[in-house]
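Asks: The sequence and its predicted three-dimensional model are supplied below.
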Amino acid sequence: MAITQHYKLNLIQWYPGHIAKAEKALKEQLKLVDVVLEVRDARIPLATHHPMVNDWVGNKTKVLVMNRVDMISPAVKQIWTDWFKQQGERALFTNAQQGKGVTAISKAAQAAGTQINQKRRQRGMLPRPVRAVVIGFPNVGKSALINRLVKRRVVESAARPGVTRQLRWVRISKELELLDAPGVIPIKLEDQEAALKLAICDDIGEASYDNQLVAAGFIDIVNYLMATVITETTEDEIVANILPAQLLMSRYEIDPSGFTGDEFLHALAKNRYQGDAERAARKILTDFRRGSLGQIPLELPLDLGLS
């Protein structure tokens, strides 16, 4: 279960036309696929789970990929590994930009498809490459993962949502073919807390949200996580392993614990940017997205399993 918190935000909605077309095409192509690689953002593994994925997967094998593992601590990685195991799922962690963990993804996809060729041989048919599809929200690293699997740049990859707009097949090896699909997102973002996290992580289009509201929401989440982690754990060392110590104080010289997100944003604007709250908001979001604030998860299971 995710940590919950209520935010007074304008409605965040984003559903570009190309996504509707891509989703329709994806459903057609899924009939040809043996394995589904679902890529999520390791900082927000619940918010980047599309509610329709399980319906799309059906009886096919699913490989769960948590990308951007470099942006969470080893302790947080272990917490999520254990949590997903309890849910009956095995999470594989990658840093697609650097190629970390990618070999394990290729092996998992091929292993999942082995049964396909065993059945083909039993029917007197020749084996064929395993067909896998890479799906997930925009900007979670799907194209970067494919480029690493192929070991060359075959699909466009950029640190912004909505770059991939069409489906295309990419041959990885004699054993594996991958379908690169554009990011898919629910037609309506019912969960506005999840939408906020998508905006913070730059996983939806910038035109869909207000930077100041999102930056203030980020501060509220950090304060909430800090309070939750400290409540659930007793040792400072464990807390530090989950969240960086004084993660905002050391960067901005303002202690966020005494402020709401909105108050912190305006205090930072007053101290550094001549009262320009928009500039302060962009600074906070850019610092987080670049990892300048340290390894910060925006979601943790309620039961951290550490107390």
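Replies: Okay, I see it.
Asks: partner residues bridging A132?
Replies: Here A132 sits in beta bridges with V35, L178, as judged by DSSP bridges.
Asks: how many neighbours does it have?
Replies: 28 (other CB atoms under 10 Å). Every residue, glycine included, has its C-beta placed from N, CA and C.
Asks: oh, and call the first residue 415 from now on, that's how I've got it
Replies: Done: numbering now begins at 415, and the last item shifts to A546.
Asks: That one and A523 touch, don't they?
Replies: Yes. Because the distance of 4.7 Å satisfies CB atoms under 8 Å, A546 is recorded as touching A523.
Asks: okay, and the common contacts of those two?
Replies: V449, L451, V477, L590 (CB atoms under 8 Å, 6 or more residues apart in numbering).
Asks: what about burial for those, which qualify?
Replies: Applying 16 or more other CB atoms under 10 Å to the shared contacts of A546 and A523, the neighbour count classes V449, L451, V477, L590 as buried.
Asks: Okay, the second one and R542: tell me how far apart.
Replies: The gap separating L451 from R542 is 18 Å, by CB to CB, to the nearest Å.
Asks: Correct me if wrong, but M480 is in a strand.
Replies: Yes. Looking at M480 with DSSP: H, G, I helix; E, B strand; the rest coil, it is inside a strand.
Asks: and the closest residue to it other than its chain neighbours, how many neighbours does it have?
Replies: Counting by CB to CB, 6 or more residues apart in numbering, A456 is the residue found nearest to M480 once chain neighbours are left out, at 4.2 Å. Counted by other CB under 10 Å, the residues lying close to A456 total 26.
Asks: What's the per-residue pLDDT of A456 here?
Replies: Per-residue confidence for A456 comes out at a pLDDT of 96.
Asks: Tell me who's in contact with it.
Replies: The contact partners of A456, taken as CB under 8 Å, 6+ apart, are M480, N481, R482, V483, M485, I486, K491, W494, F507, P711.
Asks: if I look at it, how far off is A505?
Replies: For A456, the distance to A505 under the criterion CB to CB works out to 9 Å.
Asks: what sits opposite the residue nearest to D484 when sequence neighbours are not counted in the beta ladder?
Replies: Spatial nearest neighbour of D484, chain neighbours left out: N509 (4.5 Å); criterion: CB to CB, 6+ apart. Using DSSP bridges, the bridge partners assigned to N509 are K514.
Asks: if we can go back for a sec, most neighbours of all the contacts of A456, which one?
Replies: N481 (29 neighbours).
Asks: from what I can see that one touches Q512, true?
Replies: No. With contact defined as CB under 8 Å, N481 does not reach Q512; the gap is 10.9 Å.
Asks: quick one on the thing from earlier: can you tell me which residues contact the residue nearest to D484?
Replies: N481, R482, V483, D484, G515.
Asks: hmm, back to that, can you check which residues contact both of A456 and A505?
Replies: Overlap between the neighbourhoods of A456 and A505 consists of M480, W494, taking contacts as CB under 8 Å, 6+ apart.
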